[in-house]
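> build the 3D model from these lines:
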Amino acid sequence: NRGEITGKKNYTGGVVGLMDLGRVSGCQGYGPVSSSDGDYVGGIAGASYGFIRDSWARCQLSGKDYVGGIIGTRDNAMAQCVVKNSTFHGTVESSGSYAGGIVGGGYDNSTAPNGACPTILACTVDGTVKGNERVGGIFGGDGFVAQTWDNVVGSISANSFTGKVSGNKYVGAIIGYRDS
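Numbering: from 1, shown residues only. Here you go, the predicted model:
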């Protein structure tokens, strides 16, 4: 994608807005992606509960909550969400909570706190991540995981962040906030 993507509400992505299952592989996003009054903005997917691998985004992203360089948020507490061997270079800007260089945040629903955090493996970020709360260079955070099932155990490992991250509360180079 080299075009400009602008959403008015939720689920705005450089390749796909909402990905229910499936796999995205080898995709690239270059154009700016934004939502004027919505959440779930991502360089590749606004929200996903599938697999994204070997993809990269080099763009500017902006939205309210759940803004991520590759995925804005995982969707569906019971399905796996995996991002592997993917790269982000650009700017992530969230006017609210959950901003991340790879994934903005985990499942956005306190009524289903039995999902796992997304799996993020061997990803690289060289960019800028800005937000208010729960801001991380790789993963903004997950505030609703109280327990998890064996089939959706998440892992965050072998990732690299070499950019800038800024926010007001819960700010980290790799993970901004994790409640598990």
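> burial count for residue 116?
Under the neighbour criterion other CB atoms under 10 Å, residue 116 is assigned a count of 25. C-beta coordinates here come from the backbone N, C-alpha and C atoms, glycine included.
> for whatever helix or strand residue 18 lives in, buried residues please.
Using DSSP states H and E, residue 18 falls within strand 16-25. Across strand 16-25, burial judged by 16 or more other CB atoms under 10 Å covers 16, 17, 18, 19, 24.
> which elements pack onto the helix or strand just after it?
Sequence order places strand 28-29 as the next helix or strand after strand 16-25, per DSSP H and E. For strand 28-29, the elements it packs on are strand 56-57, judged by 3 or more CB pairs under 8 Å, 6 or more residues apart in numbering; DSSP states H and E.
> so which elements touch the strand it packs on?
Based on contacts counted as 3+ CB pairs under 8 Å, 6+ apart, the elements that strand 56-57 packs against are strand 28-29, strand 87-88.
> so what strands line up beside the first one?
On the basis of DSSP bridges, the sheet neighbours of strand 28-29 come out as strand 56-57 (parallel).
> identify the bridge partners of the residue nearest the centre of the chain.
The centroid of the chain falls nearest to residue 103 when counting by CA atoms, centre = their mean (2.0 Å). For residue 103, the residues forming beta bridges with it (DSSP bridges) are residue 71, residue 139.
> so where's this protein shaky on pLDDT?
Applying pLDDT under 70 to the predicted model, the residue ranges of the chain that meet it are 76-78, 109-115, 145-153, 180.
> residues touching the residue nearest to residue 32 when sequence neighbours are not counted, list them.
Distances taken as CB to CB, 6 or more residues apart in numbering place residue 60 nearest to residue 32, at 4.5 Å, with adjacent residues excluded. Applying CB atoms under 8 Å, 6 or more residues apart in numbering, one finds that residue 60 lies in contact with 32, 33, 34, 90, 91, 93.
> the same query, at a cut-off of 7 Å, please.
With contacts defined as CB atoms under 7 Å, 6 or more residues apart in numbering, the neighbours of residue 60 are 32, 90, 91.
> please identify the helix or strand for residue 9.
Under the criterion of DSSP H and E, residue 9 resides outside all helices and strands.
> residues in contact with the nearest residue to it once chain neighbours are set aside?
Nearest residue to residue 9 in three dimensions, chain neighbours excluded: residue 38, at 4.1 Å (CB to CB, 6+ apart). By CB under 7 Å, 6+ apart, the residues touching residue 38 are 7, 8, 9, 10, 12, 63, 64.
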